[in-house]
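Q: I would like to see how this sequence folds:
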Amino acid sequence: MPILVITGTGTEVGKTVTTAAVAATALAAGRTVAVLKPAQTGVRPDERGDADEVARLAGDVRALELARYPDPLAPATAARRASLPPVRPAEVAETAAKLAAGYDVVLVEGAGGLLVRFDDEGGTLADVAGLLDAPVLVVTSAGLGTLNATELTARELVRRDLAFMGCVIGSWPDSPDLAARCNLADLPVVSGAPLVGALPAGVGALPPADFRTMAGSWLAPALGGTWDAMDFAEQEALL
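A: This is a model prediction of the structure:
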């Protein structure tokens, strides 16, 4: 897994914190890590972006952006409104491949969902994954509504013949409702891929040292951690 593409089923599902957890777990295993954010939107030049946040939480990672646009919109729209050049999938793939020559793990974090457009020609993160022949990790929400969004994303990955590593729940609530608990069983069914992690809500606010120590306990062995989906579901059912 030299290159892993990380997408979400939408915005605000915990994608950046999940990327940080994957990075922290790889670093703890002695691997070198680079994080590539192709297009950062909704952030001023003097503000920290998602790649910077991954570095803050995870530690010694190479953080890189290809473009930054001020409006909190899809990259293609934000680039057009700012009269700036868009990011194109071929450029993202080339940069990721170059990083992979110098780092053990390269994490490519998208903006929003899999089919959010980078440019007006319709280039997306799915195209990047295809160019790289890289596996895709999907970050999902926990509660009501997540099954439809997750299944649609999974179907697109299958349609494009992209490797689907699995799903991570990006923010597992302290007091999960019935829908969230049922989704632990239903998400693997609708996605056709395993659950490979669940991050407790609010872990992005932990001190970085604590985040790094705990990150592996939120991720399955496929991502270098110790989290077990069956054990987790059994524990949550008892609450």
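Q: partners of Lys109 in the sheet?
A: Slight slip there: residue 109 is Glu, not Lys. Beta-bridge pairing of Glu109 under DSSP bridges involves Ile6.
Q: and if you look at the one 4 residues further on?
A: Gly113 has the following beta-bridge partners by DSSP bridges: Gly8.
Q: just the helices in the protein please.
A: In the chain, the helices defined using DSSP state H lie at 15-28, 50-58, 75-81, 89-100, 125-132, 146-159, 178-191, 208-214, 229-237.
Q: Measure how far the fifth one is from the centre of its chain, please.
A: It refers to helix 125-132. 14 Å (Cα atoms, centre = their mean, to the nearest Å).
Q: Give me the contact list for that helix.
A: Applying Cβ atoms under 8 Å, 6 or more residues apart in numbering, the contact partners of helix 125-132 are 3, 5, 7, 38, 89-90, 92-93, 96-97, 108, 110-111, 114-116, 118, 134-136, 156-157, 160, 162-163. Where you see a C-beta, it was placed from the backbone N, CA and C, and this is true even at glycine.
Q: burial of Ala180, as a residue count?
A: The local packing of Ala180 (other Cβ atoms under 10 Å) involves 19 other residues.
Q: same question, Ala198
A: Neighbour number of Ala198 under other Cβ under 10 Å is 27.
Q: how about Gly192, what does it touch?
A: Counting by Cβ under 8 Å, 6+ apart, Gly192 touches 154, 158, 164.
Q: Return the per-residue confidence for the second one.
A: Note on Val158: pLDDT of 97.
Q: Could you report the separation of it from Leu152?
A: 11 Å (Cβ to Cβ, to the nearest Å).
Q: Next up, phi/psi of the residue nearest to Ala180 when sequence neighbours are not counted, please.
A: Distances taken as Cβ to Cβ, 6 or more residues apart in numbering put Ala142 closest to Ala180, at 4.4 Å, once the chain neighbours are dropped. Note on Ala142: backbone dihedrals following degrees, to the nearest 10 are phi -90, psi -40.
Q: gap between Ala142 and Trp227?
A: Separation of Ala142 from Trp227 (Cβ to Cβ): 15 Å.
Q: If you count surrounding residues, which of those two has more?
A: The residue with more neighbours, out of Ala142 and Trp227, is Ala142; 23 against 20, by other Cβ under 10 Å.
Q: wait, what's in contact with Pro194?
A: By Cβ under 8 Å, 6+ apart, the neighbours of Pro194 are 166-167, 188, 220, 222, 229.
Q: List only buried entries from those.
A: Buried subset of the contacts of Pro194 (neighbour count, 16 or more other Cβ atoms under 10 Å): 166-167, 188, 220, 229.
Q: circling back: apply the buried test to the contacts of helix 125-132 and list what passes.
A: Neighbour-count burial (16+ other Cβ under 10 Å) applied to the contacts of helix 125-132 gives 3, 5, 7, 38, 89, 92-93, 96, 108, 110-111, 114-116, 118, 134-136, 156-157, 162.
Q: so where's the protein uncertain?
A: Applying pLDDT under 70 to the chain picks out residues 1, 238-239.
Q: Write a PyMOL command that selects only the buried members of the contacts of Gly192.
A: Selection of buried members from the contacts of Gly192 for PyMOL, criterion 16+ other Cβ under 10 Å:
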select buried, resi 154+164
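Q: count of neighbours near Tyr103?
A: Per other Cβ under 10 Å, the neighbour tally for Tyr103 reads 19.
Q: Tell me how far it lies from Leu57.
A: Distance, Tyr103 to Leu57, by Cβ to Cβ: 18 Å.
Q: Ok, Pro188 next?
A: 27 Å.
Q: same check, this time on Glu47
A: 16 Å.
Q: the more surrounded of those two?
A: The residue with more neighbours, out of Glu47 and Leu57, is Leu57; 25 against 11, by other Cβ under 10 Å.
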